[in-house]
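> Give me a model of this one.
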Amino acid sequence: MEPMTAPMFDMTAQTMHGLEAVLAKELAELGAQDITTHNRAVRFKGDKACLYRANLCLRTALRVIVPVHELTVRNEDDLYMGIKRMEWERYMENKDTLAVQCTVNSPFFNHSQYVALKIKDAIVDRFRDRTGRRPSVDTELPTLRIHVQLHNDLCRIALDSSDEPLYKRGYRDETNLAPINEVLAAGMVMLSGWDRKSNFVDPMCGSGTIPIEAAMYAANIPPGHDRAQFGFERWKDFDAELWAQVQQEAMAKVIPGGPLILGSEISPNVVRKAIANMHNADVADRITVRNMAFEDLEAPEGGGVLIMNPPYGERMDREEDINAFYKMIGDTLKKKWAGYTAWVLTSNMEAAKHIKLTPKPRLQLFNGALDCRFMRYELYSGSRRREDAPPKEA
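Numbering: from 1, shown residues only. As a prediction, this is how the structure comes out:
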């Protein structure tokens, strides 16, 4: 039976650059406390139910880790003995498995794999000395995935409650050449300020990630509802009854129906992939998909939000092709999408100049390793002069 007041503990939700404030807002809505934002991370306090809820419901988190120990280390012996003295039997048993992941930025250590090996040795040696049996390593599906951050002489040890990154929602079997990360897609939808009631359009939807994330957001569908398993489900203190309760409460908040969510894509093959992914995510009935080019797509009446992640030009043959492509984007937005707020993500700022509209704001985001800008264009209806249409041929 759960106590009246469940114990609170520290947690950290990791995210992508530029999504920290959105993630902090999500955590506040889930009931997290003492929330502080950091570079690509948000720290907070909560109980076990909050940990489960964070993994199930956060759209902009990559993983949720639970810090368990800090120690000062300046050499191998400090590291080995400090880790070996920890009470690892609180978290696992000798029959269990473990995996250790390290990031190292220290003058005392220069190889993250070596540090991970020393930490693994210290843990398994503690169990062998005390019980005669040592846990084994399983990098694929460990009982306990351990994250270690070694900065200068400070070593922070945390347990990974998510295991597989939370962007792996489970719905994306089919992808095109440059799929956008699900966490980035959800972050873009939330950064846009979309009210979840007005029209939502992605006219270059690729394999459908942005419309899928928009549909899940509008309907309150927990992004982790289709995951096979989270890391915390293999933990020694896992509470199956509490987990079932958290899932039930989250699914009870799902909203039927919803606004118009429209995705369009010029390639018939990519449209097929997008529709397959929408079915996998159980949102196919919430999204309209059209097989047509952006310049041919008619804007749904009533205005709303348009988000696109166009090609950046890496795979186009000539520079003028990408510049002409972005000019087409600008021309189409001006001529057909008055009354909408358009957001464009790109790493090609030179090509983006050819949109010939002034973006406010321009938010820095990263699509993989690419430094991008997420740019908002307010498309006014009637209050600004549109470009003259070319004369019709006789």
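> domains for the protein, by residue range?
Using automatic domain parsing, the domains assigned to the chain come out as 9-160, 182-220+255-378.
> for those domains, which one sits closest to residue 243?
Nearest to residue 243, of all those, is domain 9-160, at 5.4 Å by Cβ to Cβ. Using the backbone N, CA and C atoms, a C-beta is placed for each residue, glycine as well.
> Between the two ends of that closest one, how far is it?
The separation between the terminal residues of domain 9-160, taken as Cα to Cα, to the nearest Å, is 14 Å.
> That domain: how far from the chain's middle?
Counting by Cα atoms, centre = their mean, to the nearest Å, domain 9-160 is centred 19 Å from the centre of its parent chain.
> hmm, back to that, between the domains of the chain, which gets nearest to residue 235?
Put simply, out of the domains of the chain the one that sits nearest residue 235 is domain 9-160, at 7.1 Å, with distance taken as Cβ to Cβ.
> next SSE after whichever helix or strand residue 241 is part of?
When secondary structure is defined using DSSP states H and E, the element that contains residue 241 is helix 240-251. Going down the chain from helix 240-251, the next helix or strand is strand 261-264, by DSSP H and E.
> what about that next one, distance to the chain center?
A distance of 21 Å separates the centroid of the chain from that of strand 261-264, by Cα atoms, centre = their mean.
> which strands and helices sit next to that strand?
Helices and strands touching strand 261-264, by 3 or more Cβ pairs under 8 Å, 6 or more residues apart in numbering; DSSP states H and E, are strand 199-202, helix 209-219, strand 288-290.
> Check which residues of the next helix or strand after it are buried.
Beyond strand 261-264 in the direction of the C-terminus, DSSP H and E gives the next helix or strand as helix 268-280. Neighbour-count burial for helix 268-280, counted by 16 or more other Cβ atoms under 10 Å, picks out 270-271, 273-278, 280.
> one step back: could you redo the helices and strands packed on strand 261-264 as JSON lines and give each row distance to residue 30 and mean pLDDT?
Supplementary listing: the helices and strands packed on strand 261-264 in JSON lines, determined by distance: least, Cβ to Cβ, whole Å; pLDDT from 0 to 100:
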{"stretch": "strand 199-202", "distance to residue 30": "23", "mean pLDDT": "98"}
{"stretch": "helix 209-219", "distance to residue 30": "14", "mean pLDDT": "98"}
{"stretch": "strand 288-290", "distance to residue 30": "31", "mean pLDDT": "98"}
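> of all those, which lies closest to residue 125?
For residue 125, the closest of these is helix 209-219, at 44.5 Å, according to Cβ to Cβ.
> Pull the residues that contact that closest one.
With contact meaning Cβ atoms under 8 Å, 6 or more residues apart in numbering, helix 209-219 is reached by 59, 171-172, 179-182, 185-186, 188-190, 194, 196, 200, 202, 205, 221, 223, 254-256, 258-259, 261-263, 274, 277-278, 281, 283, 286-287, 289, 307, 309.
> want to try CSV for the domains of the chain, with distance to residue 227 as columns?
As requested, the domains of the chain are arranged in CSV below (distance: least, Cβ to Cβ, whole Å):
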stretch, distance to residue 227
domain 9-160, 8
domain 182-220+255-378, 12
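> out of those domains, which comes closest to residue 229?
Nearest of those to residue 229, taken as Cβ to Cβ: domain 9-160 at 8.4 Å.
> which residues does residue 68 contact?
Going by Cβ under 8 Å, 6+ apart, the list of residues near residue 68 reads 86, 91, 157-159.
> Centre of the chain to the helix holding residue 241, how far?
The answer for helix 240-251 is 22 Å, by Cα atoms, centre = their mean.
> CA atoms only for that helix, dumped as CSV, please.
Presented in CSV, the C-alpha positions along helix 240-251 are these (Å, rounded to 0.1, in the frame of the first residue of the first chain):
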residue,chain,number,x,y,z
ALA,A,240,3.2,-2.6,-11.1
GLU,A,241,0.0,-1.5,-9.5
LEU,A,242,1.1,2.2,-9.4
TRP,A,243,2.2,2.0,-13.0
ALA,A,244,-1.1,0.6,-14.1
GLN,A,245,-2.9,3.4,-12.3
VAL,A,246,-0.7,6.1,-13.9
GLN,A,247,-1.4,4.6,-17.4
GLN,A,248,-5.1,4.4,-16.7
GLU,A,249,-5.3,8.0,-15.5
ALA,A,250,-3.3,9.3,-18.5
MET,A,251,-5.5,7.4,-21.1
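> what is the mean pLDDT for it?
Model confidence over helix 240-251 averages 98 on the pLDDT scale.
> which parts of it are buried?
Under the neighbour-count criterion of 16+ other Cβ under 10 Å, helix 240-251 has 242-243, 246-247, 250 buried.
> do stretch 166-184 as well
Buried positions in stretch 166-184, judged by neighbour count with 16+ other Cβ under 10 Å: 166-169, 171-172, 174-176, 179-184.
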